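> A predicted structure for the sequence below; I have some questions about it.
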Amino acid sequence: MNWKLLALAAVVGAQLAPVEEPSNTPELALLMGDLQRLTHKLALSADAGNAVLAAFYLHESQEQLRKIQTEAPEYENLPVALLIDRLAHPAYAPMQDAVTAKDAKRMREAVNSIVQACNACHTATQHGFIRITPGTEVNPFNQSFAP
């Protein structure tokens with residue numbers, strides 16, 4: 001066996017293969033994507049006037065917010081956990097009252113406040129190009145949101 005050739009192949013191969021550093025930081029976009037899906041289902045539930053289903057997605061959305069705060073409290077030097085405390089949690093609070101009252105109009109208004117908070121956070125983190133909408137015009141899920 002030609003050891004020089006084998007050594008050269010190993011060196012060349014190592015130079016061609018990208019070396020990735022392992023990251024302990026979760027990808028924020030994936031965590032936010034889960035939040036977006038849950039919040040969209042919350043919006044569709046509220047739009048349909050289904051307080052029981054809206055309560056479920058409200059709970060799941062709030063759990064996802066806490067997960068984001070725990071797993072990515074800071075991301076690329078941005079205070080994600082702090083912004084969630086200051087913008088997201090207060091925006092989700094009125095939804096609880098609307099769901100408890102089973103008030104479809106207030107649920108829709110609360111969804112709009114949540115969406116505004118999402119967009120305010122994106123603007124505050126120089127990600128204003130990510131614009132969230134309630135998305136209630138289209139239901140891409142194979143799920144009925146009617147009560």
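On my side now, so go ahead.

> OK, contacts around the residue nearest to Pro79 when sequence neighbours are not counted?
Closest residue to Pro79 apart from its sequence neighbours, by Cβ to Cβ, 6 or more residues apart in numbering: Pro73 at 7.7 Å. Any C-beta I mention is one placed from the backbone N, CA and C, and that applies to glycine too. Listed by Cβ atoms under 8 Å, 6 or more residues apart in numbering, the contact set of Pro73 reads 79-81.

> Next, count neighbours for the nearest residue to Gln64 once chain neighbours are set aside.
Leaving aside its chain neighbours, Gln64 sits nearest to Leu35 (4.6 Å; criterion: Cβ to Cβ, 6+ apart). Leu35 has 22 neighbours, counted by other Cβ atoms under 10 Å.

> could you list every residue that touches Leu35?
The contact partners of Leu35, by Cβ under 8 Å, 6+ apart, come to 61, 64-65, 68.

> Mind telling me what element the residue nearest to Pro79 is part of?
For Pro73, there is no helix or strand it lies in under DSSP states H and E.

> Quick check: it vs Thr100, distance?
30 Å (Cβ to Cβ, to the nearest Å).

> wait, Pro94 sits on Ser113?
Yes - with contact defined as Cβ atoms under 8 Å, Pro94 reaches Ser113; the gap is 6.3 Å.

> how about the helices in the chain?
With DSSP state H, the ranges of helices along the chain come out as 3-16, 28-47, 51-71, 80-83, 89-101, 104-124.

> Reformat those as JSON lines; add mean pLDDT.
Formatted as JSON lines, the helices of the chain follow (pLDDT from 0 to 100):
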{"stretch": "helix 3-16", "mean pLDDT": "50"}
{"stretch": "helix 28-47", "mean pLDDT": "97"}
{"stretch": "helix 51-71", "mean pLDDT": "98"}
{"stretch": "helix 80-83", "mean pLDDT": "97"}
{"stretch": "helix 89-101", "mean pLDDT": "96"}
{"stretch": "helix 104-124", "mean pLDDT": "97"}
